[in-house]
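S.K.: coords below, sequence missing:
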């Protein structure tokens, strides 16, 4: 049973990054909005989880009142875990209310972050979003009441009532959610709305002439994508059991997903699947062979990964910009007219 | 009473930011894309100074010309090696921009590797250092303030003269407006672009090389400065380097004085949120006058011109 | 002076010119006519090197210049005056003229500048004005002035009479003939105003849908009873 530990590890990594990449694909692949502030949405999901899950737990389980959540975080978390151990409903309540809060707040953040530049050229949008993602990290690192600043906060183990298999079941749950989101985005892009966002990507002017409010569509997609990426951040936090502000870096949660989407093929969700799997397997290989690599390379593997990331991005763009699975014209349902 | 040290902080920072912003805006005008790796040229400068001052134990100002050369060289490599090659493979604006992001990641990694490499020689100092004590003083002012101001004024003057009086400068402005027409008239557009990339990278390198004489240097200096550079460029209006200069000074001074005021009013922990100030200014600019200061000036001039035309019409009629 | 064989070219993947064969002899004025979208502008741009060439050759003064960059061709004496985008609106008039004289040395440039300013005296007053403050007609004259300054043996004009008033259009065409006479230039002209262009040129090509369907003397074409039908591609020769 223990042997599949590493496999489950890969699975949860895959599931979480799949959700993030699907969000990115929705924003850039389908709608043409280059979002280089993806880490902002993921971080928002994580920070909201770190800030709220425990506090909701305090309220629902009626423990730790009067105590500062951050200062007594470890104690409060174990109190919540104890309460949930014998009361699955409380655990589920914490979990779902957190996810709902994450979805709403991430969507709002997606709106706020994109609004200043959404009407302007893509260059402006890229600059603003990158800057916003940096700002989120700084706030997370310094505003201690949020997620403990440079230390971390713990996230209650909401499935502790399942006993020993709780971590495994959480992974399965996360995988299931990622599949649901996959199906949802597939449905979305095959619908008339999917045609609309692709029209926005292809030719904004034409879409506008046909009377579609481009800006509204873009804002909707930014909010939706942000919400989805936020859910990923939240699920990751539940899995890790902690939220560390410094961990939500640009490299990990913006650039790697971009590479995954590009390698797999922008503009189609199957491509996202392939891309995520490819990159994760590759990164795992680097981690496992870390020690033998370090014998040949005179520096830390961390930097090697970054150099490879940069090289991969450039090479993919030069030689296979359409990715492993290029986008095919989508089949959307034709509306039956009264005559038919 | 505003402390002298704060004014010095603000001026040095604004000077360095101006050097970076002018380069960033110039590259944007020439290449039509934002260069996300621009901050890293400064990062290179920072570590050239570290090497010269800490490893070779020489006068840190010797690092300035060396940083210019190394950064300029890196700029040439990025432009010719990456961007031109991508263009040949049919790169779009977005993919070129992504490649600059990739270069930012790569140079940042290389700087980190270099810092790690210096660890045995310099200890943890290699990842966080400050060389104020190595600076000279003149009439009570820190050397870096004097040097950066002189460099700045020289830069602005030379740049202005080059762009308006020399054939190369006029060709450059022509390339910015219409590169195929310029090519038709005999301008080697690729060469012009390469030279301007080298120039802007070199200037960024100089800014980076002066930085550790006043502010802390570390491997992430470049990427941390980038938000302020964006804000300054956007405030200036991404269409003019003179606007970039104004934008940089406004952002630079606001960032330092603003942080000081916030810290005085709300407590010292607010200094960590310093980079939110340029971000907020950036958002305000984009929401209210997205074409920046340059756009505002152009609007005022246009209004004045149309009013003059109206007067002529009225008089004639 | 210039010969083009089997030229196939276009923009990226969009194939516009098919097997174009064309020749302009020294000191000739040759016109390229054709309906809208036939590829006339593309032909000029291709000779200059601004498009994607799929196949064929361009020989200028005996040299194979097919693969050269536009600025290399400019230095050899090839010039191209586009229909739009032929002046730099953000630069001053003087700076535009300087750009035109880029391949000249100082004294030669000063001489030609004086000549051009004498031909278009109104420019003397606007030397320091930005071109965007000039009217359309004035800009067109500026681009002609630039053509006078350029150090070229061979100039290609793309619809130089464009949107000009008939009087100014006639002046422009006269200047072009002058260029041939006085400066011994060779000229390739693309025009929509077929009659006027044929009146000033020696030979003509008719380009329809990217192919050359007629080549001959201008006088013959002018007197051709079915010029109109040929022009629209209805009748094939």
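M.R.: That came in fine, so what should we check first? If you're wondering where the values come from, they're calculated on a predicted model, not measured in any experiment.

S.K.: Surely residue C:26 is in contact with residue C:186?
M.R.: Yes. The criterion here is CB atoms under 8 Å, and residue C:26 meets it with residue C:186 at 5.7 Å. Bear in mind the C-beta positions are built from the backbone N, C-alpha and C, glycine included.

S.K.: overlap in contacts of the two?
M.R.: Taking CB atoms under 8 Å, 6 or more residues apart in numbering or on different chains as the contact rule, residue C:26 and residue C:186 both touch residue C:1.

S.K.: Quickly list the domain ranges of chain C.
M.R.: Domain assignment for chain C by automatic domain parsing gives C:2-77+C:152-231, C:88-149.

S.K.: Counting neighbours, go ahead and name the busier of residue C:26 and residue C:186.
M.R.: Shown here are residue C:26 and residue C:186; by other CB atoms under 10 Å in any protein chain shown, residue C:186 has more neighbours (21 against 12).

S.K.: what's across from the more buried one in the sheet?
M.R.: Bridge pairing for residue C:186 (DSSP bridges) gives the partners residue C:154.

S.K.: what sits against it?
M.R.: By CB under 8 Å, 6+ apart, the contact set of residue C:186 is C:1, C:2, C:24, C:25, C:26, C:27, C:28, C:29, C:153, C:154, C:155, C:180.

S.K.: Now do it against chain B, distance only.
M.R.: Distance of residue C:186 to chain B, computed by CB to the nearest CB, to the nearest Å: 17 Å.

S.K.: any idea where the strands of chain B begin and end?
M.R.: Here chain B has its strands, by DSSP state E, at B:137-138, B:141-142.

S.K.: Between these, which one is closest to chain A.
M.R.: In terms of CB to the nearest CB, the element of the strands of chain B nearest to chain A is strand B:141-142, at 27.7 Å.

S.K.: contact partners of the closest one?
M.R.: With contact meaning CB under 8 Å, 6+ apart, strand B:141-142 is reached by B:8, B:12, B:132, B:135, B:213, B:214.

S.K.: how near is the second one to chain C?
M.R.: So that's residue B:12. In this view, residue B:12 and chain C are 34 Å apart by CB to the nearest CB.

S.K.: My understanding was that that residue contacts residue B:144; is that so?
M.R.: Yes. The criterion here is CB under 8 Å, and residue B:12 meets it with residue B:144 at 5.9 Å.

S.K.: Could you list which of the contacts of residue C:186 belong to strands?
M.R.: Counted as lying in strands by DSSP E, out of the contacts of residue C:186, are C:2, C:24, C:29, C:154, C:155.

S.K.: and of those, the nearest to chain B?
M.R.: Lowest distance from chain B to the ones in strands among the contacts of residue C:186 (CB to the nearest CB) belongs to residue C:155, with 11.1 Å.

S.K.: Residue C:122: how many residues sit nearby?
M.R.: 13.

S.K.: ok so, going back, go through the strands of chain B and pick out the most buried.
M.R.: A comparison of those by mean neighbour count, using mean count of other CB atoms under 10 Å in any protein chain shown, puts strand B:141-142 on top with a mean of 16.

S.K.: Give me the sheet partners of that one and which way each runs.
M.R.: Strand B:141-142 pairs in its sheet with strand B:137-138 (antiparallel), by DSSP bridges.

S.K.: quick one: the partner strand to chain centroid distance?
M.R.: Chain-centre distance of strand B:137-138: 26 Å, with CA atoms, centre = their mean, to the nearest Å.

S.K.: What of stretch C:163-176?
M.R.: What separates the centre of stretch C:163-176 from the centre of its chain is 14 Å, taken as CA atoms, centre = their mean.

S.K.: coming back round to it: can you tell me which of the ones in strands among the contacts of residue C:186 are buried?
M.R.: The neighbour count (16 or more other CB atoms under 10 Å in any protein chain shown) marks C:2, C:24, C:29, C:154, C:155 as buried among those.

S.K.: Which members of those are the farthest-apart pair?
M.R.: Of all pairs drawn from these, the widest gap by CB to CB lies between C:2 and C:29 and measures 12.9 Å.

S.K.: Listing request: residues of the stretch 101-250 of chain A with sub-threshold pLDDT.
M.R.: By pLDDT under 70, the low-scoring segments of the stretch 101-250 of chain A are A:204-208, A:210-212.

S.K.: And the strands in it, which stretches?
M.R.: Secondary structure of the stretch 101-250 of chain A (DSSP state E, counting those that start in this stretch): strands at A:153-154, A:242-243.

S.K.: Make TSV from those and add mean neighbour count and distance to residue B:188 to it.
M.R.: Below are those laid out as TSV (neighbours: other CB atoms under 10 Å in any protein chain shown; distance: least, CB to CB, whole Å):
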stretch	mean neighbour count	distance to residue B:188
strand A:153-154	24	58
strand A:242-243	24	54
